[in-house]
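Engineer: build me a model from this:
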Amino acid sequence: MRADIKNIIFDFGNVILPLDLKASAQAMTSLLKIPYDAYHQEMPAYFRDFEMGKITESEFIQMLRKESKQSFSDSEFLAAWNSILLQIPRSTFTFLHTLKKTYKLYLFSNTNETHIGYVQDKMGIEAFQSFEKLFEKIWYSHRIGYRKPDIAAFEFVLQNAAIRADETIFVDDGKMHIEGASRVGLHTRWHSPDQHISFTMKDFLEVE
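Structural biologist: Presented below is the predicted three-dimensional model:
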């Protein structure tokens with residue numbers, strides 16, 4: 001195990017929580033009647049605002065209706081928007097419990113109120129609370145008003161947790177987020193979503 005590492009900050013989606021990007025792209029394309037992947041990659045300002053808690057779910061839906069010129073219902077939006085979310089594997093819970101014996105664990109996610117609410121409802125409140133208790137602190141972008149890969153986001157996280165960058169590893173599937181974390185001195189580990197998180201971490205932390 002790495003003696004110099006005391007803290008691990010995990011991304012949530014596609015690291016801890018598997019995502020079905022294909023299903024989501026298809027559902028959102030059908031909803032908006034425009035190619036969603038290309039549209040989303042442009043990251044319209046209101047997508048960022050939703051992830052930073054600057055606008056509500058209702059306001060976000062209204063912006064999508066306006067931009068797409070479609071009249072879908074709220075329930076149709078919710079079904080399409082949440083289709084990206086799968087279930088956390090039991091083996092991931094086991095692995096996190098193992099890590100927690102040695103390291104302080106944290107969670108930092110670019111997300112929104114709709115997705116977090118859906119995950120909580122799907123897991124059940126007690127199970128979701130047990131999951132969150134695995135982490136010393138959790139930062140959801142829509143609650144803290146910062147999002148990756150902004151330098152200010154990582155600086156906020158380090159200050160809020162009162163931890164040192166040189167004693168902390170950040171794990172994410174987004175390469176731009178890895179680059180942002182590196183700029184503030186965090187150790188980094190890129191995670192390939194087609195691998196289990198234990199595989200990604202094993203050779204670095206030597207956890208059995």
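Engineer: look up how far residue 186 lies from residue 151.
Structural biologist: Distance, residue 151 to residue 186, by CB to CB, to the nearest Å: 11 Å. For glycine as for every other residue, the C-beta is placed from the backbone atoms N, C-alpha and C.
Engineer: so what sits against both of those two?
Structural biologist: Overlap of the contact sets of residue 151 and residue 186 (by CB atoms under 8 Å, 6 or more residues apart in numbering) is empty.
Engineer: higher neighbour count, these two?
Structural biologist: A direct count of neighbours by other CB atoms under 10 Å for residue 151 and residue 186 places residue 186 higher, at 23 against 13.
Engineer: domains in the chain, as residue ranges please.
Structural biologist: Following automatic domain parsing, the chain resolves into domains at 7-19+90-205, 24-84.
Engineer: switch those over to TSV; also include mean pLDDT.
Structural biologist: Below are those laid out as TSV (pLDDT from 0 to 100):
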stretch	mean pLDDT
domain 7-19+90-205	96
domain 24-84	94
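Engineer: buried deepest among those, which one?
Structural biologist: Of all those, domain 7-19+90-205 carries the top mean neighbour count, a mean of 17, counting by mean count of other CB atoms under 10 Å.
Engineer: how about residue 57: what's its closest non-neighbour residue?
Structural biologist: The shortest distance from residue 57 to any non-neighbouring residue, by CB to CB, 6 or more residues apart in numbering, is to residue 114 (5.1 Å).
Engineer: what's near enough to touch that neighbour?
Structural biologist: Residues near residue 114 by CB under 8 Å, 6+ apart: 57, 60, 78, 81-82.
Engineer: need the residues you listed in JSON lines (columns: secondary structure).
Structural biologist: Output for these, formatted as JSON lines (DSSP: H, G, I helix; E, B strand; the rest coil):
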{"residue": "57", "secondary structure": "helix"}
{"residue": "60", "secondary structure": "helix"}
{"residue": "78", "secondary structure": "helix"}
{"residue": "81", "secondary structure": "helix"}
{"residue": "82", "secondary structure": "helix"}
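Engineer: residue 88: which of these is nearest?
Structural biologist: Of all those, the one sitting nearest residue 88 is residue 82; the distance, using CB to CB, is 15.0 Å.
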